[in-house]
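Student: Test case, fold it:
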Amino acid sequence: MRRLQGRPVHVAGGGILGLATAHELAKAGARVTVFDPRHEGPSASAVAAGMLAPVFEACMDPVSRPHFDLFLAARDLWPDFALETGIILHRRGARYRGVAGEVAEVAARLESLGVAPERQGDQVYTAEDWRIEPGQAIAVLRQALDRAGVVTRQHRLDRPHPGVQTVVATGWSSLEWAPETRRLTAIKGHILTLKDVRGEGAVERTAGGYLCPSSEGLRLGATMEVGRTDLNPDPVIAGALLDRLAPSEAGTGREAPVVQVGIRAATTDGLPMVGPSTKSGVWLAVGARRNGWLLAPLVGRMTAAYLAGEDPGPWSQALQPGRFEGSRGE
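Tutor: Numbers count the residues shown, from 1 in each chain. Below you'll find the model as predicted:
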């Protein structure tokens, strides 16, 4: 018998954390409804490169560095998750490109993580970082949820319904009925797509960002604009990103890059909140910062375990929502 057979669960939010959580809840037998206000614009999950990058995130991002083991464990759930949902998983690795001194330093950081990098001249490569394509992944995941009987409502969930367990996977906005969300910080990010530049190889990382191949073109990203919540593209910021990552493409007269903006939610330690709220019947699956795609299967599995009254696994303490209580003199 499935663990949550017939139990109603509402999932507030239709980004990757909400969809992955709905998938795991449906697998466990719950009657799931996802509230996904798509008319308000694409989720941050759609405005992403789709990198599953435990190695280079830990190597390049100081906030992510302490979480390498957790990130690697999350990535290892992806083959089964992709097989279950129909998401195409690309395992072509990633490389860092830079001057000799930079490359040597990055190689040393990788080795300190226990990763054996391959040196290739002015580049260093690892096969341990993977990627998906967000558009394809979201489309097939929604189809999988439809097949599993998950109901989607294209409007916001304004409050929990009596007798129904509610999972908050809403992004950066603060909710009165989920008080932990007040700890989330919004981070605006620009990402560019060069539609006339194709590639199938490894993701390329540099000191200034990344270049990620996709079927829709080469994606360049991404900015991290803390505290900004507007969805307006900034041509100055977009132009600087293009100049920094693909200067040969600027001013060539070729098709202008497509500029997208997304707002991500972050906690102070860079990890999501996953687990029970102080409000009865409310659960958190929110705040993954720049690693929502990477962490989604882990967040979904943990949330389903919580609702079934089971052990959520070895990362529950690191992700539990109450870990911030007592900070700021509280």
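
Student: Spatially nearest residue to residue 270 (excluding sequence neighbours)?
Tutor: residue 63 (4.0 Å; C-beta to C-beta, 6 or more residues apart in numbering). The way it works is simple: take the backbone N, C-alpha and C, and place the C-beta from them, glycine included.

Student: Spell out which helix or strand contains that neighbour, please.
Tutor: Taking DSSP states H and E as the definition, one finds residue 63 inside no helix or strand.

Student: Tally up the residues packed near it, please.
Tutor: Neighbourhood size, residue 63 [other C-beta atoms under 10 Å]: 18.

Student: Please name the residues that touch it.
Tutor: Residues near residue 63 by C-beta atoms under 8 Å, 6 or more residues apart in numbering: 269-270, 289.

Student: from those residues, which single one is nearest residue 321?
Tutor: Distances from residue 321 to the contacts of residue 63, taken as C-beta to C-beta, are shortest for residue 269 (12.0 Å).

Student: Which of the contacts of residue 63 has the largest number of neighbours?
Tutor: Highest neighbour count within those: residue 289, with 22 neighbours (other C-beta under 10 Å).

Student: give me phi/psi at the nearest residue to it once chain neighbours are set aside?
Tutor: Sequence neighbours aside, residue 266 is the residue nearest to residue 289 in space, at 3.9 Å (criterion: C-beta to C-beta, 6+ apart). Backbone geometry at residue 266, expressed as degrees, to the nearest 10, gives phi -140, psi 150.

Student: Report the contact partners of residue 266.
Tutor: 172, 184-187, 287, 289-290.

Student: For residue 110, give its distance to residue 169.
Tutor: In this structure, residue 110 and residue 169 are 32 Å apart, going by C-beta to C-beta, to the nearest Å.

Student: Can you give me the neighbour number for residue 151?
Tutor: For residue 151, using other C-beta under 10 Å, the count is 13.

Student: do residue 110 as well
Tutor: 22.

Student: separation between it and residue 245?
Tutor: From residue 110 to residue 245 the distance is 21 Å (C-beta to C-beta).

Student: Would you mind measuring from the residue nearest to residue 289 to residue 7?
Tutor: Taken as C-beta to C-beta, the span from residue 266 to residue 7 is 31 Å.

Student: Residue 177 now?
Tutor: Distance from residue 177 to residue 7, by C-beta to C-beta: 20 Å.

Student: Residue 317: what secondary structure?
Tutor: Assigned with DSSP: H, G, I helix; E, B strand; the rest coil, residue 317 falls in the helix class.

Student: how about the helices of the stretch 1-150 of the chain, start to end?
Tutor: Secondary structure of the stretch 1-150 of the chain, counting by DSSP state H, counting those that start in this stretch: helices at 16-27, 54-60, 68-75, 78-85, 100-112, 134-147.

Student: Distance to residue 192 and mean pLDDT added to those, as JSON lines?
Tutor: Shown next, in JSON lines, are those (distance: least, C-beta to C-beta, whole Å; pLDDT from 0 to 100):
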{"stretch": "helix 16-27", "distance to residue 192": "21", "mean pLDDT": "98"}
{"stretch": "helix 54-60", "distance to residue 192": "19", "mean pLDDT": "97"}
{"stretch": "helix 68-75", "distance to residue 192": "25", "mean pLDDT": "98"}
{"stretch": "helix 78-85", "distance to residue 192": "26", "mean pLDDT": "98"}
{"stretch": "helix 100-112", "distance to residue 192": "23", "mean pLDDT": "94"}
{"stretch": "helix 134-147", "distance to residue 192": "15", "mean pLDDT": "96"}
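
Student: Any idea which of those helices gets closest to residue 224?
Tutor: Between the helices of the stretch 1-150 of the chain, helix 54-60 lies closest to residue 224; by C-beta to C-beta that is 12.0 Å.

Student: Just the residues contacting the closest one, thanks.
Tutor: Contacts of helix 54-60 (C-beta under 8 Å, 6+ apart): 64-65, 67-68, 71-72, 74-75, 94, 96, 106, 109-110, 113, 115, 126, 128-129, 203, 205, 290-291, 294.

Student: again with stretch 205-218
Tutor: 49-51, 56, 60, 94-98, 102, 131, 133, 135-136, 193-201, 203-204, 219-222, 241, 244-246, 258.

Student: so residue 324 makes contact with residue 284?
Tutor: No - using C-beta atoms under 8 Å, residue 324 is not in contact with residue 284, being 11.5 Å away.

Student: Geometric centre of this structure: which residue is closest?
Tutor: In the chain, the centroid-proximal residue (C-alpha atoms, centre = their mean) is residue 292; its distance is 1.5 Å.

Student: What residues does residue 321 make contact with?
Tutor: By C-beta under 8 Å, 6+ apart, the neighbours of residue 321 are 180, 273-277, 284.

Student: In JSON lines, list these along with pLDDT, neighbour count and secondary structure.
Tutor: Putting the contacts of residue 321 into JSON lines (pLDDT from 0 to 100; neighbours: other C-beta atoms under 10 Å; DSSP: H, G, I helix; E, B strand; the rest coil) gives the following:
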{"residue": "180", "pLDDT": "97", "neighbour count": "25", "secondary structure": "helix"}
{"residue": "273", "pLDDT": "98", "neighbour count": "26", "secondary structure": "strand"}
{"residue": "274", "pLDDT": "98", "neighbour count": "31", "secondary structure": "strand"}
{"residue": "275", "pLDDT": "98", "neighbour count": "21", "secondary structure": "strand"}
{"residue": "276", "pLDDT": "98", "neighbour count": "16", "secondary structure": "strand"}
{"residue": "277", "pLDDT": "98", "neighbour count": "22", "secondary structure": "coil"}
{"residue": "284", "pLDDT": "98", "neighbour count": "28", "secondary structure": "strand"}
